[in-house]
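Participant: structure, please.
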Amino acid sequence: MVGDSAEVIGNSAGGETLRAYGGEDGDSRVARRRATLIDAALELLGASDGGSITVRGVCREAGLTTRYFYESFGSIEELVGATFDEVIGEISERGLAGFAGGADMTGMVTGAVGAIIDVVAEDRRKGRLLFSQSLQSPTIAAKRMESTDIFAGLTLQSASGILDVELGPEALAAANFQVGGFARVIAAWLDGHLDLDRDGLVEISVRLMTALADGVGHAGPTSA
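Facilitator: You can find the predicted model right below:
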């Protein structure tokens, strides 16, 4: 049920119809408040000294009352999951677009890596949400495992399209190694442990990833 009962003007097929205010309909207001809560969660989770999040805290950050929280989310962990999904969606979209823009394997990997690094460089809150080891939420841990599986699968599919790679356990192991290693490199960079600028980070990441792909691509079957 919508938090602000003053917005409800009637029922339609058992649901509630929301009054339009200032030219904005009810569904748009709910969507806007939901986006505000997600941005507030990102601010709290991705802050350099952050990581702690509660319903009251996120509502205070968003400038909304708790009734508006519960019109979009059933719990704080549901909000955390939605926030993570939002960032992963952006990373996926920009990374795939960068990959598609390359003319060869190196160009494709460079485009994807550069696009992903740009997302976290433009808004470091996003990088800390995805990669910081200080965030211990069980929802984030589960989402990271899920996203690693997804990106490893995408990496394997992409590699099979441009390299002579057999889609077997070795290739899948290499894809997981690439995704996990790349994530750890970004985390170290965000934490200030790597003295590299953006281009330097892209360059070393691409070199490591393509070297691993090359090794798997030329590896023959192991003998018993």
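Participant: pick out the residue closest to the middle of the protein.
Facilitator: The C-alpha lying nearest the average C-alpha coordinate of the chain belongs to I88 (Cα atoms, centre = their mean; 2.1 Å).
Participant: what's near enough to touch the spatially closest residue to it that is not a sequence neighbour?
Facilitator: In this structure, I88 finds its nearest non-sequential neighbour in S147, 5.3 Å apart by Cβ to Cβ, 6 or more residues apart in numbering. For every residue, glycine as well, the C-beta is placed using N, CA and C. Going by Cβ atoms under 8 Å, 6 or more residues apart in numbering, S147 touches F84, I88, L130.
Participant: outline the domain layout of this protein.
Facilitator: Domains of the chain are assigned by automatic domain parsing as 14-76, 78-218.
Participant: and those as CSV, adding mean pLDDT?
Facilitator: Below are the domains of the chain laid out as CSV (pLDDT from 0 to 100):
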stretch, mean pLDDT
domain 14-76, 84
domain 78-218, 85
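Participant: name the residues of whichever strand or helix holds the residue nearest to I88 that come out as buried.
Facilitator: Using DSSP states H and E, S147 falls within helix 138-162. Within helix 138-162, the residues that count as buried by 16 or more other Cβ atoms under 10 Å are T139, I140, K143, R144, S147, F151, A152, L154, T155, L156, S158, A159.
Participant: quick one: the third one and T83 touch, right?
Facilitator: No: checked against Cβ atoms under 8 Å, the pair K143 and T83 is beyond contact range at 9.5 Å.
Participant: who touches both of those two?
Facilitator: What both K143 and T83 touch, as defined by Cβ under 8 Å, 6+ apart, is an empty set.
Participant: for I186, which residues are in contact?
Facilitator: Counting by Cβ under 8 Å, 6+ apart, I186 makes contact with I116, I117, V120, G127, L130, F131, L201.
Participant: on that earlier part again, give me the secondary structure label for the residue nearest to the centre of the chain.
Facilitator: helix (DSSP: H, G, I helix; E, B strand; the rest coil).
Participant: pretty sure it sits against K143.
Facilitator: Yes: the pair I88 / K143 is scored as a contact, 7.5 Å apart, by Cβ under 8 Å.
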